[in-house]
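[1] okay, sequence plus prediction incoming.
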Amino acid sequence: MAELLNPRPPAPDDAPRRPRLGVLGAGQLARMDQQAAIALDVDLRLLADGPSDAAVLAGAEALVGDHGDLEVLRAFASGVDVVTFEFEGVDNALLRTLQDEGHRLVPAPAAKLYAQDKLHQRRGLGRAGFPVPPFEHARTAVDVAEFAATHGWPVVLKAPRGGYDGRGVGVVRDAREAAAFLAPLPDGALVEPALSIQRELAVQVARTSDGATAAYPVVETVQHEAMLRELVAPAEIDDALAAEASDLAVRIVEHIGGTGLIAVELFLTPDGLQINELAMRPHNSGHYSIEGAVTSQFEQHVRAALDWPLGSTALVAPAAVTVNVVGPEDGSDPRERLPAALAVPGAHVHLYGKGARPGRKLGHVTALGPDVTTARATAWRAAEILEGTAT
């Protein structure tokens, strides 16, 4: 019998029934989903790994169980109106079973697969005419070398499944490195050229089951060691390119039948926009929206999942910058320096309740400003205090 943590007391008999939204996962994204759900008086129930998950520590009601166990998933789905996600790693076959049994999933398994399987995403979007980089399915180092003979070394290898947000990706410079990357991947990898990337962009798109959509402003993300380190909203690109990126993102979401909140990550290259990854859930590239937009991505995800009217995506300031807070090399905990960071005027600090360790994403800081330079200085000042590199 799965354990229920933080059970909600029964509502009075005469109280109207509140919608119940289920989230598979209980990490920091679910923690921020919970904050949005509270404001809308929505009951949120999570499927958690255990009592130390970030959202559980914040008081969210959670069923503890294995998301790879169909019976656990059935029990969870039976207790909510809609099932949605905070991560990609749930077996798509199990999700299809839930859908076939009458449970509503946001997004549906067919759309979710575009975020779970990079080869499926590239093949499906490429066939539909969307801009994807050249790619092949490489099963051996010989396959990689043949691809490199056309496109040149180095090349990028990506695990088709299980990798996201930069994980499961490697740049290889010869067949020996390719063989080492492929060794733990019996089904091979996606191989692509090492693109000349001028900027990395992202667009959050919300969509309801009846096709209503709302796109957020295009943002620019800066990656460091396979982790988003900084994002700038709006991206400092011209209006025509911003419109092109936004239109592309909306068309992709409509084509795959995505619902809920979807992040479309793009590369800007000398040849134009190329699709990077899709995330079928709220995403780090949208965290600025908590303070920086009329409707946060988390509230928008709740609205879209329940087929409620979508909120305005307009920015509330000319610029917003978010900086992720990363665990310092000395292993110290940023919470020890929280009061000093809160003394930075205009800094909005979010900590995720996770144990500190070097290189781990522990929170973020967002700042708004009249321009990017001002907002960036504020966000970095507070983040550096939390990380112990400034006082």
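    Arrived safely, thanks for sending. Numbering: from 1, shown residues only.

[2] show me where the stretch 251-391 of the chain has strands.
    Taking DSSP state E, counting those that start in this stretch, the strands of the stretch 251-391 of the chain run over residues 260-269, 272-279, 319-326, 347-351, 361-369.

[3] can you put those in TSV and add distance to Ala37, mean neighbour count and mean pLDDT?
    In this view, the C-beta of every residue, glycine as well, is placed from N, C-alpha and C. Output for the strands of the stretch 251-391 of the chain, formatted as TSV (distance: least, C-beta to C-beta, whole Å; neighbours: other C-beta atoms under 10 Å; pLDDT from 0 to 100):
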stretch	distance to Ala37	mean neighbour count	mean pLDDT
strand 260-269	13	24	98
strand 272-279	20	20	97
strand 319-326	22	25	98
strand 347-351	16	20	98
strand 361-369	20	23	98
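
[4] could I get those as JSON lines with distance to Ala245?
    Below are the strands of the stretch 251-391 of the chain laid out as JSON lines (distance: least, C-beta to C-beta, whole Å):
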{"stretch": "strand 260-269", "distance to Ala245": "6"}
{"stretch": "strand 272-279", "distance to Ala245": "6"}
{"stretch": "strand 319-326", "distance to Ala245": "17"}
{"stretch": "strand 347-351", "distance to Ala245": "26"}
{"stretch": "strand 361-369", "distance to Ala245": "22"}
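
[5] Arg303: which of the ones you listed is closest?
    strand 260-269 (9.2 Å; C-beta to C-beta).

[6] that closest one pairs with which strands, parallel or anti?
    Paired neighbours of strand 260-269 in the sheet (DSSP bridges): strand 199-207 (antiparallel), strand 272-279 (antiparallel).

[7] got these as CSV, with distance to Gly331 columns?
    CSV is the format used below for these (distance: least, C-beta to C-beta, whole Å):
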stretch, distance to Gly331
strand 199-207, 30
strand 272-279, 29
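
[8] which residues touch the closest residue to Glu329 other than its chain neighbours?
    Nearest in space to Glu329, with sequence neighbours left out and distances taken as C-beta to C-beta, 6 or more residues apart in numbering, is Pro358 at 4.9 Å. Counting by C-beta atoms under 8 Å, 6 or more residues apart in numbering, Pro358 makes contact with Gly327, Pro328, Glu329, Asp330, Gly331.

[9] low-confidence regions, the stretch 251-391 of the chain specifically.
    Within the stretch 251-391 of the chain, no stretch falls below the threshold (pLDDT under 70).

[10] could you do the stretch 1-150 of the chain as well?
    Applying pLDDT under 70 to the stretch 1-150 of the chain flags residues 1.

[11] tell me where it has helices.
    Under the criterion DSSP state H, counting those that start in this stretch, the stretch 1-150 of the chain contains helices at 28-39, 54-57, 70-78, 92-100, 109-116, 118-127, 141-151.

[12] give me the buried subset of the contacts of Pro358.
    Gly327, Pro328 (16 or more other C-beta atoms under 10 Å).

[13] farthest pair within the contacts of Pro358?
    Farthest-apart pair in the contacts of Pro358 is Gly327 and Asp330; separation 9.3 Å (C-beta to C-beta).

[14] domain parsing for the chain?
    For the chain, automatic domain parsing gives the domain ranges 3-105, 134-193, 199-387.

[15] mind listing what's buried in stretch 232-245?
    Within stretch 232-245, the residues that count as buried by 16+ other C-beta under 10 Å are Val232, Ala233, Pro234, Ala235, Ile237, Leu241, Ala242, Glu244, Ala245.

[16] could I get the CA-only coordinates of it as PDB?
    The C-alpha coordinates for stretch 232-245 follow below in PDB (Å, rounded to 0.1, in the frame of the first residue of the first chain):
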ATOM      1  CA  VAL A 232      17.300  36.900 -20.200                       C
ATOM      2  CA  ALA A 233      13.800  38.000 -21.000                       C
ATOM      3  CA  PRO A 234      13.100  39.100 -23.500                       C
ATOM      4  CA  ALA A 235      16.000  37.900 -25.700                       C
ATOM      5  CA  GLU A 236      18.000  40.600 -27.100                       C
ATOM      6  CA  ILE A 237      17.200  39.800 -30.700                       C
ATOM      7  CA  ASP A 238      15.300  41.800 -33.400                       C
ATOM      8  CA  ASP A 239      11.500  41.800 -33.600                       C
ATOM      9  CA  ALA A 240      11.400  39.800 -36.800                       C
ATOM     10  CA  LEU A 241      13.500  37.000 -35.400                       C
ATOM     11  CA  ALA A 242      11.500  37.000 -32.200                       C
ATOM     12  CA  ALA A 243       8.300  36.700 -34.200                       C
ATOM     13  CA  GLU A 244       9.800  33.900 -36.200                       C
ATOM     14  CA  ALA A 245      10.900  31.900 -33.100                       C
END
